[in-house]
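Asks: what follows is a predicted protein model with its sequence.
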Amino acid sequence: MRLVAANFGKLEEQIAHEQAEAARAVTFGTAQATEALKLRLRQLVLASMGSRRVANAWRSSIYPRPPARSLGPTGLVWSNAPHIIEAFSRTQMVRSPNGFFLAIPSPDAPKQYMGKPVSPSNWNEERYGPLRFVYRRTGPSLLVVDAVRRTASGKISRRIANDGLTKTGKYRKGWSTVVMFFLVPFVRLKQLWDLEHEYQKAGDDMIRFIIEAWQ
């Protein structure tokens with residue numbers, strides 16, 4: 001058997017052309033796989049948590065920046081809410097750093113105070129009055145406020161100075177005790193997604209996209 005090889009044109013030009021085609025295909029495939037991973041992670045978070053804000057915290061970038069091409073491009077995918085993503089990437093137990101209770105705000109609790117999430121440590125006592133501990137043998141114990149009432153919109157209003165009590169020791173009409181925090185020893189967070197599986201799938205997608213672009 002005799003093999004014959006023939007070369008048409010300049011070898012340097014052919015090599016340069018093939019390198020340019022390879023750089024185009026590899027850069028395109030990497031960019032496609034990176035974008036697909038970001039969109040898939042956004043859908044995963046939205047379906048699991050229902051939070052578009054946390055879902056859109058997933059971002060991506062490709063280096064070198066388009067329209068530059070490279071035989072060794074890099075695709076990056078990251079989240080601007082890394083603590084939330086990490087918390088639900090595996091099953092884990094969350095306990096209070098102080099060794100006591102975790103305080104879970106109730107639906108009636110204010111969302112923020114002085115720009116920070118509301119908690120027993122930054123509770124606005126001047127507006128709502130002091131928190132009172134209520135022990136319960138079954139179920140979570142409570143932190144409540146006394147002598148408050150609801151506004152027309154359903155929110156909790158300012159506490160009155162004399163605790164809202166009548167001379168008989170009962171609350172005035174419309175005033176009551178409201179739960180602000182549920183106290184629990186720990187919270188078990190369920191795993192909502194498997195990031196390693198998504199990353200592996202992105203690697204497979206990248207190979208497929210590169211081959212399709214080269215062909």
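Replies: In hand now; what should we look at? Numbering: from 1, shown residues only.

Asks: pull up the pairing partners for the worst-scoring helix or strand of the chain on mean pLDDT, direction included.
Replies: Between all helices and strands in the chain, the lowest mean by mean pLDDT, DSSP states H and E belongs to strand 92-95, at a mean of 72. Taking DSSP bridges as the criterion, strand 92-95 forms sheet pairs with strand 186-189 (antiparallel).

Asks: where does the chain have low pLDDT?
Replies: Scanning the chain with the threshold set as pLDDT under 70 gives 1-9, 96-99, 160-174.

Asks: kindly list the longest helix within it.
Replies: Using DSSP state H, we find that the single longest helix of the chain is helix 11-49.

Asks: what segments of the protein are strands?
Replies: If DSSP state E is used as the criterion, the strands of the chain fall at 58-63, 74-79, 92-95, 102-105, 112-113, 116-117, 132-134, 141-148, 176-184, 186-189.

Asks: how about CSV for these, with mean neighbour count and distance to Gln200 added?
Replies: The way it works is simple: take the backbone N, C-alpha and C, and place the C-beta from them, glycine included. What follows is the strands of the chain, written out as CSV (neighbours: other CB atoms under 10 Å; distance: least, CB to CB, whole Å):
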stretch, mean neighbour count, distance to Gln200
strand 58-63, 16, 17
strand 74-79, 16, 13
strand 92-95, 12, 22
strand 102-105, 17, 34
strand 112-113, 12, 39
strand 116-117, 10, 35
strand 132-134, 12, 49
strand 141-148, 20, 44
strand 176-184, 18, 36
strand 186-189, 11, 23
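
Asks: redo these as CSV? Include distance to Ala33.
Replies: Shown next, in CSV, are those (distance: least, CB to CB, whole Å):
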stretch, distance to Ala33
strand 58-63, 10
strand 74-79, 6
strand 92-95, 29
strand 102-105, 40
strand 112-113, 39
strand 116-117, 37
strand 132-134, 54
strand 141-148, 49
strand 176-184, 42
strand 186-189, 29
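
Asks: check contacts around Ser141.
Replies: Contact analysis of Ser141 by CB atoms under 8 Å, 6 or more residues apart in numbering lists 101, 133-135, 182-183.

Asks: how about a cut-off of 7 Å?
Replies: For Ser141, the contacting residues are 133-135, 183, by CB atoms under 7 Å, 6 or more residues apart in numbering.

Asks: likewise Asp205?
Replies: Asp205 neighbours (CB under 7 Å, 6+ apart): 33, 36.

Asks: give me that answer again for 8 Å
Replies: Per CB under 8 Å, 6+ apart, neighbours of Asp205: 32-33, 36-37.

Asks: which of these tops the neighbour count?
Replies: Ala33 (24 neighbours; other CB atoms under 10 Å).

Asks: just give the nearest non-adjacent residue to it, would you?
Replies: Closest residue to Ala33 apart from its sequence neighbours, by CB to CB, 6 or more residues apart in numbering: Met206 at 3.6 Å.

Asks: quick one: that neighbour and Ala31 touch, right?
Replies: No - contact criterion CB atoms under 8 Å: Met206 and Ala31 do not qualify, at 9.4 Å.

Asks: now the common contact residues for those two.
Replies: The contact sets of Met206 and Ala31 overlap at Gly75 (CB under 8 Å, 6+ apart).

Asks: tell me the domain boundaries of the chain?
Replies: Taking automatic domain parsing as the criterion, the chain consists of the domains 11-90+191-214, 94-188.
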